[in-house]
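Student: Could you look at this predicted model? Sequence included:
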Amino acid sequence: MAPSTCPVASPLDRILERLPDANPRPGGGFMARCPAHADDNPSLSIAAGEDGRVLLKCHAGCAVDKIALGLGLSMADLFRPSKGQSHAPACRGRIVAKYAYRDERGVVLFEVVRFEPKNFRQRRPDGKGGWIWNTRSIRRVPYRLPELLAAVRAGETVYVVEGEKDVERLVALGFNATTNPGGVGKWLGSYSEFLRGADVVVIPDADEAGSKHANGIAYGLFEIARRVRVLELPGNGKDASDWIAAGGTAENLLDLAEATADYRPIERPCEANARGDGPVLVRLSNVQPEPVEWIWPGRIARGKLTLLVGDPGLGKSLLSLDIAARVSTGRGWPDGASGGPAGGIVLLSAEDDLSDTIRPRLDSAGADVEQVIALAAVREDGKERWFDLVRDLPRLEEALANLDIPRLVIVDPISAYLGDADSHNNTSIRGVLGPLATLAAKNRVAVLAVTHLRKAEGPALYRTMGSLAFVAAARGVSGVVRDPRDPESRILALVKSNLAAAAEALAFSIESPPGSAAPCLAWSTDPVEVDNIEELLSGAIPRRGADGLALAKAKAFLKKTLADQTLSTQELERLAKDAGIAIKTLKRARKELGLACDKAAFGGGWIVGPIGGAPEEGQPWPSSPEAIKTGVSSPSTEEGQVGPLRGADTDRERFNL
């Protein structure tokens, strides 16, 4: 067999390697901070063109060559090499080891591949038996996760080392061991959660970077693990593999671990009060940075609170069950984003019956109902009562513990579960949502809270039912509104996003599939183009897909046809129909252009045009060529024609256009 070699990095790979803060955009592509200017809010769009080139657009206006320069690249690096040329590969050599990272069920998420000469790359399955040489949008987990979880459940000691090779050497000696992908400094806080309640021994590499890495892991585990020790191996070796190669045995390691004192964080003066009365301080050098993990990329983040708002009767509850169905099965999202691993859902529903509404709707949406638990009530002293977010969060954690992989909590509506909290008082609501957000972060679950909009004027963020604290605490807020042009269609629009660039608005309708006992959502494949989300939520008309093209065509027709003439409304509609323009679309175009109708004369019809405006007082309207041919006299004496382009709202309202 020929030796395996490292693939050449694509242009997109080279760009993303230089943009560590790049995050996937719903529907495709990435957003990152532009390297050509001081960019506090990510403004650089990155995507791959059909020919493999990289498409860069800075929404602040930076030129592409300046962006490439800021990345340390040339313009040629944005293109695939032409025949006979090649870009430098990301690494060279032959594959000598492959380390599979699996989820809780043993499914391969990605691999770390080691090359000789020593180098590493990561790849993910392409679903067709091959590999894609990046791990974008893939969930990150510790190495040997299924074995790690089994060891924690059994109460066995787990060893954390630096590198997969060290893990395999320890496993060969009979120990439970794990590591993180990416090497030193890449341990994420989410990895620590898998070691909650465990007895952990961290073994650093014998250098300064390894020591800092190990102490960072121990610091993050100190509050949640049953026991933590940092074991520095004796001898001159660099790591655990060297120590074993030099003669270290399983018995030696057990003795060394037993002799190692429990880890205690080194308290600096500003941190001395961290465990006593006084301020709780965290030095940021002890915080392990980690990326946002998404349930629905760009819309619902894991470990965060998300709000779903809208007027009653628009399908918010049905939408939340559609989301639950996708999470339960790992299906993809309506905007094309991948679904991620399947997971469990805890559902709190105050308005719908479980047997005749929720279960049939979940079935209709294709949910794996084995993954869904309804928290119907809390039993105390033999009596059942309503769940209360103020006092029953431990019960919610118990419910999450009944799921293999909890990923989502739905609270519908959140106002029904506030207990004695005043929903209109900011302090009171923050006292409820703060602990709920902490629970979400601790258990790495997304919390989707459903609420109504009040019937009031002003921005949608200020019209959520109750206190503004609901919106302030949520990291994302999505609104559901009726499509003004289609009463059967709904629009889902992102109103607030603290964690990602704004996602595209989406449209859906509510349908009842043949043979189904309950309705489900049918998502439109056409994107909804919305310039102003607030206008959309207040009932303004968005422009979507082919409909926007039809409107543009109608406007162009009006401008050309009425450039220098007037026409009767009947004649204008006839010409529009011949041009393939619907009368409804024509009227919308006329209204948006501000093209008002006027009465030609007493008893006459309506006239419109020319685009240039009305003739001066005392001057006749110009007759159309059609009027001349048919012998119809000017509108001042007989047939009415459509009036000039002008901005008088009173005219448009007067004639009910």
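Tutor: In hand now; what should we look at? Numbering: from 1, shown residues only.
Student: Please count neighbours and contacts with C-alpha atoms only from this point.
Tutor: Fine.
Student: ranges for the helices of the stretch 101-250 of the chain?
Tutor: For the stretch 101-250 of the chain, helices defined by DSSP state H, counting those that start in this stretch occupy the ranges 145-153, 164-172, 189-193, 208-221, 240-245, 250-259.
Student: okay if I get the ones you listed as TSV plus mean neighbour count?
Tutor: Shown next, in TSV, are the helices of the stretch 101-250 of the chain (neighbours: other C-alpha atoms under 10 Å):
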stretch	mean neighbour count
helix 145-153	17
helix 164-172	19
helix 189-193	18
helix 208-221	20
helix 240-245	18
helix 250-259	13
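Student: So for residue 498, which of the ones you listed sits nearest?
Tutor: Across the helices of the stretch 101-250 of the chain, residue 498 has its closest neighbour in helix 189-193 (20.0 Å, C-alpha to C-alpha).
Student: Which strands and helices lie in contact with the closest one?
Tutor: Where contact means 3 or more C-alpha pairs under 8 Å, 6 or more residues apart in numbering; DSSP states H and E, helix 189-193 is packed against helix 208-221.
Student: Using PDB, list the CA coordinates for the helix it packs on.
Tutor: The C-alpha trace of helix 208-221 is given here as PDB (Å, rounded to 0.1, in the frame of the first residue of the first chain):
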ATOM      1  CA  GLU A 208       6.600  25.800  30.800                       C
ATOM      2  CA  ALA A 209       3.800  25.600  28.300                       C
ATOM      3  CA  GLY A 210       2.900  22.100  29.600                       C
ATOM      4  CA  SER A 211       2.900  23.300  33.200                       C
ATOM      5  CA  LYS A 212       0.600  26.200  32.400                       C
ATOM      6  CA  HIS A 213      -1.700  24.000  30.300                       C
ATOM      7  CA  ALA A 214      -2.000  21.400  33.200                       C
ATOM      8  CA  ASN A 215      -2.600  24.000  35.800                       C
ATOM      9  CA  GLY A 216      -5.300  25.700  33.700                       C
ATOM     10  CA  ILE A 217      -7.100  22.400  33.400                       C
ATOM     11  CA  ALA A 218      -6.800  21.700  37.100                       C
ATOM     12  CA  TYR A 219      -8.100  25.200  37.900                       C
ATOM     13  CA  GLY A 220     -11.200  24.600  35.800                       C
ATOM     14  CA  LEU A 221     -11.800  21.300  37.400                       C
END
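Student: How much space separates the residue nearest to residue 332 when sequence neighbours are not counted from residue 43?
Tutor: Leaving aside its chain neighbours, residue 332 sits nearest to residue 339 (4.0 Å; criterion: C-alpha to C-alpha, 6 or more residues apart in numbering). Computed as C-alpha to C-alpha, to the nearest Å, the residue 339 to residue 43 distance reads 26 Å.
Student: Under the pLDDT cut-off, which ranges of the stretch 451-600 of the chain? List them.
Tutor: The stretch 451-600 of the chain contains residues with pLDDT under 70 at 454-469, 527, 529-549, 596-600.
Student: Where do the strands of it begin and end?
Tutor: Taking DSSP state E, counting those that start in this stretch, the strands of the stretch 451-600 of the chain run over residues 476-483, 486-497, 506-511, 520-523, 528-529, 543-544, 567-568, 598-599.
Student: winner for burial among these?
Tutor: Burial of the strands of the stretch 451-600 of the chain is given as mean neighbour count (mean count of other C-alpha atoms under 10 Å); strand 567-568 ranks first at a mean of 26.
Student: For the most centrally placed residue in the chain, give me its contacts.
Tutor: Closest residue to the average C-alpha location of the chain: residue 298 at 1.8 Å, with C-alpha atoms, centre = their mean. The contact partners of residue 298, taken as C-alpha atoms under 8 Å, 6 or more residues apart in numbering, are 24-26, 499-503.
Student: Go through those and name the one nearest residue 132.
Tutor: The closest of the contacts of residue 298, once distances to residue 132 are taken by C-alpha to C-alpha, is residue 24, at 16.0 Å.
Student: on that earlier part again, could you export the strands of the stretch 451-600 of the chain as TSV, including distance to residue 332?
Tutor: What follows is the strands of the stretch 451-600 of the chain, written out as TSV (distance: least, C-alpha to C-alpha, whole Å):
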stretch	distance to residue 332
strand 476-483	19
strand 486-497	17
strand 506-511	15
strand 520-523	12
strand 528-529	19
strand 543-544	22
strand 567-568	52
strand 598-599	53
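Student: which one of these lies closest to residue 561?
Tutor: strand 567-568 (8.9 Å).
Student: mind checking how far the closest one is from the chain centre?
Tutor: Centroid separation for strand 567-568 versus its chain: 51 Å, with C-alpha atoms, centre = their mean, to the nearest Å.
Student: other SSEs contacting that strand?
Tutor: Counting contacts by 3+ C-alpha pairs under 8 Å, 6+ apart, strand 567-568 is packed against strand 606-608.
Student: Report the mean per-residue pLDDT for the strand it packs on.
Tutor: Averaged across strand 606-608, pLDDT comes to 69.
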